[in-house]
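Undergrad: how would this look folded up:
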Amino acid sequence: MKIFQKLSSLALAALVITSCGNPAKMAEKAELVSVNCDPQVLEVVADKIDAKVSVVIPADYFHPKAIVEVVPVLVYQGGESALEPVMLQGEDVAKNYTTVPETGATVTKDFTFDYKPGMEKSHLELRMAVLYKDKKTTYPSPYKVADGANTTYKLVKRDGALAYAPDAYQAIIPETGEAQILYLINSSTVRPAQLKSDEIKAFQEFLKNVKADERREIVGTDIIAYASPDGKEDLNNKLSGKRAESATKAFNSKINNKKVGVETAVNSVSISEDWDGFKDLVKNSDIADKELILRVLEMYSDPIVREREIKNMSQVFTILAKEILPQLRRARFIANIEFKNYTDEELVALVNENIEILDEEALLHAATLVKENDTKVKVYTQAANKFNSDRANVNLAVTLLKQGKDADAAAALAKVANKDAYYYNTLGVVALRKGDDAAAVAAFKQSSLKEAQYNLAVVDVVNGKYAEAKAKLAGSKGFNEALVCILTNDLAGAEAIVGNAKCQCKSYLKAIVAARQGKVDAAKAALEVAKKDEKLAKRAENDIEFAKVK
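TA: Numbers count the residues shown, from 1 in each chain. So this is what the prediction gives:
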């Protein structure tokens, strides 16, 4: 606000004569002094109110022996806040104040007030007085320089963005059943005894049980035939191929047919030399030189070199030929099974009827299917207590936070042993709600979740770092992103988020956007929706955003 009045040259001449004779007369000519403030509407940022005030003093106004005391005062509902005075002195005053020459000057000072409740409806004024020969002459009235104060940033929502730790529940669980037959050295003939072994009988019984199980289905069988890694490689290639053929024929004849009742698609492959199987058998054996053998396998990848080096250990190779190699002349029957887990509908029913039979993953998934938070608490508590599940305790804390039970949420988090991104985001929300921003930031910085970035943006807003907050919230399309768009004067961005708002909170932001755009009717309409919330209605009464709307 600028208060400025020009006098006629005659009146100005009279003033000069008066002021030179009596400095106190300066107060009577207060209208000659003009005052400017940037901004003219004060704004609260990080609980501080900054103002840059300029006092313009004309030529021949300031008496060389006078001192002027300037006290900035923020007057608000419920009180006022005064800062230390700024002292101005004439050219003949021997003080260490700001000197104003007779030729006039513009004195600019930065003022900062600490925000107090009630300052939403306030104004900044300068109270001035002339000091001369122990006499204080007060200016007739204060200079009102700015209105205030805008507290829009305080609308930031501190509830925190929450994220549930995911479950690993599988609707279809792959399973396998396996048996094998052995061949004689250099032979691809399936011996009848091999198809009558206890292992094959158990495999047949397994397949029949799978066939009878409504939740299991045989989706195919892999037959993998091998040759042991001794002998020439080209011969082993042919031998393993013939074993794959004979094993497939035997499998279809003995197991995979209508008579037995198990019918499955078969995929047969051959592996010429079973070095992987060789390594596993040696590793699990009690052969004295097994570490030496394993080192040879690590040192050489060429199968010919491997075989040569191992055969050079004649005593060791004799043991291998007797105990290990015969087990590698084989064909494996691997049945691939799909287990159909509980459907979502079954899980919801079991939560109410027989929750005890559900394992950890089933419980964690079931909790995502139920709508009521009380039921979620029940399911997560079951998983936490029965399986000591860290994810269940984190998700229990999330649900409790949604219910406003912050202390209970903190207690659930205290039980978590393995702390991950979901834990730290939830821990940060607990701190954020308590107002412990330092602890909240420390926690959020240990989380890689996008929700943690959204939550860090809340602290940025509180600290006046609006651009940083906007970058973190980009794409979230929520209340806080719309708010930082307003705070960074991106009204189009804010309008894109709240333009179709129906809820009270977003309607309040919608009203602010409209008011700043000069759309009075739109602002009033949005305010009518927002005022259905009692707190927002009370806030709107003193909100300077709507000074031109009421």
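
Undergrad: so Q89 versus A24, what's the distance?
TA: 15 Å (Cβ to Cβ, to the nearest Å). In this view, the C-beta of every residue, glycine as well, is placed from N, C-alpha and C.

Undergrad: ugh, typo on my part, it should be D408
TA: 69 Å.

Undergrad: max-length helix in the chain?
TA: helix 233-254 (DSSP state H).

Undergrad: contacts for it next, please.
TA: 181, 183, 186, 188-190, 195, 200, 204, 221, 223-229, 260, 266, 268-273, 303-304, 329-331, 333 (Cβ atoms under 8 Å, 6 or more residues apart in numbering).

Undergrad: mind listing which of these are in strands?
TA: 181, 221, 223-226, 266, 268-271, 330-331, 333 (DSSP state E).

Undergrad: so among the residues you listed, which ones count as buried?
TA: Buried residues within those, counting neighbours by 16 or more other Cβ atoms under 10 Å: I181, T221, I223, I224, A225, Y226, S268, S270, I271, R330, A331, F333.

Undergrad: ok so, going back, higher neighbour count, D408 and A24?
TA: A24 (19 against 16; other Cβ atoms under 10 Å).

Undergrad: right, and F111 touches V55 too?
TA: No. Judged on Cβ atoms under 8 Å, F111 makes no contact with V55 at a distance of 11.9 Å.

Undergrad: compare these two (neighbour count), which wins?
TA: Each of F111 and V55 has its neighbours counted (other Cβ under 10 Å); V55 has more, 23 against 19.

Undergrad: can you tell me the average pLDDT over the longest helix of the chain?
TA: The pLDDT scores in helix 233-254 average 93.

Undergrad: between it and strand 266-271, how many degrees?
TA: Orientation check (axes from the mean of the first three to the mean of the last three Cα atoms, to 10 degrees): helix 233-254 against strand 266-271 gives 160 degrees.

Undergrad: buried ones in helix 233-254, by neighbour count?
TA: 236, 239-244, 246-248, 250-251, 254.

Undergrad: do stretch 451-471 as well
TA: 451-466, 468-470.

Undergrad: what of stretch 36-54?
TA: Within stretch 36-54, judged by 16+ other Cβ under 10 Å, the buried ones are N36, C37, L42, E43, V44, V45, I49, D50, A51, V53.

Undergrad: cool, and stretch 96-107?
TA: Burial within stretch 96-107, assessed by neighbour count using 16+ other Cβ under 10 Å, is assigned to T99, V100, E102, A105, V107.

Undergrad: which residue comes closest to the last one once chain neighbours are left out?
TA: What it means is V107. The spatially closest residue to V107, leaving aside those adjacent along the chain, is V55, at 4.8 Å (Cβ to Cβ, 6 or more residues apart in numbering).

Undergrad: helices or strands up against the host helix or strand of that neighbour?
TA: Here V55 sits within strand 48-57, counting by DSSP states H and E. Helices and strands touching strand 48-57, by 3 or more Cβ pairs under 8 Å, 6 or more residues apart in numbering; DSSP states H and E, are strand 34-38, strand 41-45, strand 67-76, strand 105-114, strand 122-132, strand 143-150.

Undergrad: among the ones you listed, which comes closest to N393?
TA: strand 41-45 (38.6 Å; Cβ to Cβ).

Undergrad: not counting its neighbours along the chain, what's nearest the residue positioned nearest the centre of the chain?
TA: The residue lying closest to the centre of the chain (Cα atoms, centre = their mean) is E451, at 2.0 Å. The shortest distance from E451 to any non-neighbouring residue, by Cβ to Cβ, 6+ apart, is to A161 (3.9 Å).

Undergrad: where's the one you found relative to C505, distance?
TA: A161 is 15 Å from C505, by Cβ to Cβ.

Undergrad: please say which of the two ends up with more neighbours.
TA: A161 (23 against 19).

Undergrad: that one: what's it in contact with?
TA: N425, V429, E451, A452, Y454, N455, S476, G478.

Undergrad: ok, those vs I497, which is closest?
TA: For those, the nearest to I497 is G478 (7.6 Å; Cβ to Cβ).

Undergrad: tell me who's in contact with the closest one.
TA: So G478 contacts A161, Y454, I497 (Cβ under 8 Å, 6+ apart).

Undergrad: surely the last one is in a strand?
TA: No. For I497, which was evaluated using DSSP: H, G, I helix; E, B strand; the rest coil, the result is helix, with no strand membership.

Undergrad: could you verify my assumption that it touches N480?
TA: No. I497 is not in contact with N480 according to Cβ under 8 Å; the separation is 9.9 Å.

Undergrad: quick one: which of these two has more around it?
TA: N480 (25 against 22).

Undergrad: distance check, that one against G435.
TA: Counting by Cβ to Cβ, the gap from N480 to G435 is 17 Å.

Undergrad: next: L184.
TA: 79 Å.

Undergrad: ok, V348 next?
TA: V348 is 38 Å from G435, by Cβ to Cβ.
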